[in-house]
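*Asks:* Coordinates only, no sequence provided:
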C-alpha cells in the first residue's frame, strides 16, 4: 500500500489545504516566492500542519535543489560539503532544517556567513517559536511565519480527496472519527487512514478505533484544539473557576499533551497573572515543573491538578507583567537615560538618591493579597 502522506503531499501553493494566509494568491509569502524575492525563513506551528510541504513547494517554485536535515542529527561537515559544492555554481541550494529550535550555537555560526552572502537559502521548521533559540544575528536576517492546526473542514477536503485517489470505501462515522480524532494534524489523519486501509480497504469505525482507541484531542471538534484548550485552561485559572480549569486540564492530558508543556504554562501564569499577590505560586509551579519531569504520567496528572487548584484559589495580579512590558516599550521607543552619577559612584552614605535621571512610572501595585503588603511597605520606606 502506498505511503499516503507522500502521495498526497501538495506540489504547489494551490494544492495546500489550509494555511491560506501563506498559500493564497495574495499571501505575502507566496508573492515573494513567485517573485524570487523570498529570503531566509523559519516556520513554526503544530505537527502535521504543512511546514515541510511548504518548504518543498518553495524550493520547487524557485527551482532550487532541496536538502532536508533534522537539527538533532545535523553534522556541520554535511553542511560544509553542500556549501562547497555550490560555491561557484550559478544555482544555489535550499537548506531546510527541521526542529530548528534545537540548533546548537556552533551550528548556527556555520549558517550565518551563508545567510549573510546569500549563497544558500536557509529555512527551518519547529513546533516551537524558534526565534527564542536562534541568535540575534540569524533573527535579523530572516523572516518568521506561523502555521496553525488545520481546520476540520479542510481536513474533510483532504480526506475526501484521499479516499477517492486511493480507491477506498469509508463509512460516514469513520470519516467523522478520522477528522475529529486527529486534532488538526493532517499527517496523523492520513497515517491512521493508511494503516487502517492495510486491514481493509472498506474503512470502518471499529478498525479505526482498534488502531487509535482515543482521539488525539478527545471529544473535540473545534479547530486549533491544542491552542484553544490551553487558552481555555489559562483563562479559567485567571477567572478562578476551578472546575473549568480542571476540565480543560483533563482534556489536554487525554489529548496527549506533555506534562512538561502544561507545567511550563503554569510557571508562566504564576508570574504573569498572580505575581506578587501570592509569590508562593511561582515556587509551587516551579516545583510542579520539576516534579512532573521526573515522574511523568499517569501520576503527573495529580501534581498538575494540585497546581491548578492552587492557582485558581490564588489572588491575581498582573502588575509585574504590565510593568516590564511598559519598561521595555519605553526603551524601544528611545527612552535611554544616563545613569545618575550619584548611584554610579561607589559610596555607602545614607543620602537619599535619585535612581533615574528623569522620573518614569511603570509599576502599579494592587491592593490585593501579598502585593498590598508590599505596597504598604514601599510606602513606608520611601
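*Replies:* Thanks, I have the structure now. Predicted model, so just to flag it, every value in this text is computed and none were measured. Numbers count the residues shown, from 1 in each chain.

*Asks:* can you give me the strands for the chain?
*Replies:* Using DSSP state E, the strands of the chain run over residues 41-44, 66-70, 94-98, 121-126, 143-146, 169-170, 202-203.

*Asks:* Let's check: the centremost residue of this structure is which one?
*Replies:* Nearest to the mean C-alpha position of the chain, by CA atoms, centre = their mean, lies residue 128 at 3.5 Å.

*Asks:* in terms of contact, does that one touch residue 42 like I think?
*Replies:* No - using CB atoms under 8 Å, residue 128 is not in contact with residue 42, being 10.9 Å away. For the C-beta atoms, the positions are set from N, CA and C on the backbone; glycine is no exception.

*Asks:* quick one on the thing from earlier: compile the strands of the chain into JSON lines and extend it with columns for distance to residue 163, mean neighbour count and mean pLDDT.
*Replies:* Conversion of these to JSON lines gives the following (distance: least, CB to CB, whole Å; neighbours: other CB atoms under 10 Å; pLDDT from 0 to 100):
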{"stretch": "strand 41-44", "distance to residue 163": "28", "mean neighbour count": "23", "mean pLDDT": "94"}
{"stretch": "strand 66-70", "distance to residue 163": "29", "mean neighbour count": "16", "mean pLDDT": "95"}
{"stretch": "strand 94-98", "distance to residue 163": "29", "mean neighbour count": "24", "mean pLDDT": "96"}
{"stretch": "strand 121-126", "distance to residue 163": "28", "mean neighbour count": "25", "mean pLDDT": "95"}
{"stretch": "strand 143-146", "distance to residue 163": "30", "mean neighbour count": "15", "mean pLDDT": "94"}
{"stretch": "strand 169-170", "distance to residue 163": "5", "mean neighbour count": "17", "mean pLDDT": "96"}
{"stretch": "strand 202-203", "distance to residue 163": "8", "mean neighbour count": "18", "mean pLDDT": "96"}
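
*Asks:* Not counting sequence-adjacent ones, nearest residue to the residue nearest to the centre of the chain?
*Replies:* Nearest residue to residue 128 in three dimensions, chain neighbours excluded: residue 101, at 5.0 Å (CB to CB, 6 or more residues apart in numbering).

*Asks:* since we're on that neighbour, how many residues are nearby?
*Replies:* 19 (other CB atoms under 10 Å).

*Asks:* what does residue 208 give?
*Replies:* Residue 208 has 23 neighbouring residues, counting by other CB under 10 Å.

*Asks:* residue contacts, it?
*Replies:* 174, 177-178, 181, 192, 196 (CB atoms under 8 Å, 6 or more residues apart in numbering).

*Asks:* Against residue 155, how distant is it?
*Replies:* Distance from residue 208 to residue 155, counting by CB to CB, to the nearest Å: 14 Å.

*Asks:* Would you map the helices across the stretch 201-350 of the chain?
*Replies:* Shown for the stretch 201-350 of the chain, the helices assigned by DSSP state H, counting those that start in this stretch span residues 205-211, 225-238, 242-254, 259-269, 280-295, 300-312, 319-332, 341-344.

*Asks:* Now do the fifth one against helix 259-269: the angle between them, please.
*Replies:* Regarding helix 280-295 and helix 259-269, their directions subtend 170 degrees when assessed with axes from the mean of the first three to the mean of the last three CA atoms, to 10 degrees.

*Asks:* Would you indicate which residues of helix 280-295 are buried?
*Replies:* Neighbour-count burial for helix 280-295 flags 281-282, 284-285, 288-289, 291-292 (criterion: 16 or more other CB atoms under 10 Å).

*Asks:* Wait, residue 314 touches residue 274, no?
*Replies:* Yes - counting by CB under 8 Å, residue 274 is a contact partner of residue 314 at 4.9 Å.

*Asks:* Those two: which is more packed in?
*Replies:* Taking other CB under 10 Å, residue 314 and residue 274 do not tie; residue 274 has more neighbours (28 against 23).

*Asks:* for the nearest residue to the more buried one once chain neighbours are set aside, what are its contacts?
*Replies:* Of all residues not flanking residue 274 in the chain, residue 281 sits nearest, at 4.4 Å (CB to CB, 6+ apart). By CB under 8 Å, 6+ apart, the residues touching residue 281 are 270, 274, 310-311, 314.

*Asks:* hmm, back to that, can you name the two of the contacts of residue 208 that are farthest apart?
*Replies:* Farthest-apart pair in those is 181 and 196; separation 11.7 Å (CB to CB).

*Asks:* circling back to that earlier point, could you pull up phi and psi at the residue nearest to the centre of the chain?
*Replies:* phi -120, psi 160 (degrees, to the nearest 10).

*Asks:* got the buried residues for stretch 123-140?
*Replies:* 123-127, 130-131, 133-134, 138.

*Asks:* about what we covered before: and the helices of the stretch 201-350 of the chain, which one is worst for confidence?
*Replies:* Here the lowest mean pLDDT among the helices of the stretch 201-350 of the chain goes to helix 341-344, at a mean of 71.

*Asks:* Could you chop this protein up by domain?
*Replies:* Domain segmentation of the chain under automatic domain parsing yields 19-146, 152-211, 225-312, 320-364.

*Asks:* Between those domains, which one is closest to residue 4.
*Replies:* Of these, nearest to residue 4 by CB to CB is domain 152-211, at 4.1 Å.

*Asks:* what about the closest one, how long is it end to end?
*Replies:* Using CA to CA, to the nearest Å, the end-to-end distance of domain 152-211 comes out at 21 Å.

*Asks:* Over to stretch 295-303?
*Replies:* Taking CA to CA, stretch 295-303 runs 10 Å from one end to the other.

*Asks:* who touches that stretch?
*Replies:* 253, 259, 263, 288, 291-292.

*Asks:* Indicate which one of the helices of the stretch 201-350 of the chain is closest to residue 165.
*Replies:* Residue 165 sits nearest to helix 205-211 of all the helices of the stretch 201-350 of the chain, at 18.9 Å, using CB to CB.

*Asks:* Alright, I will stop here.
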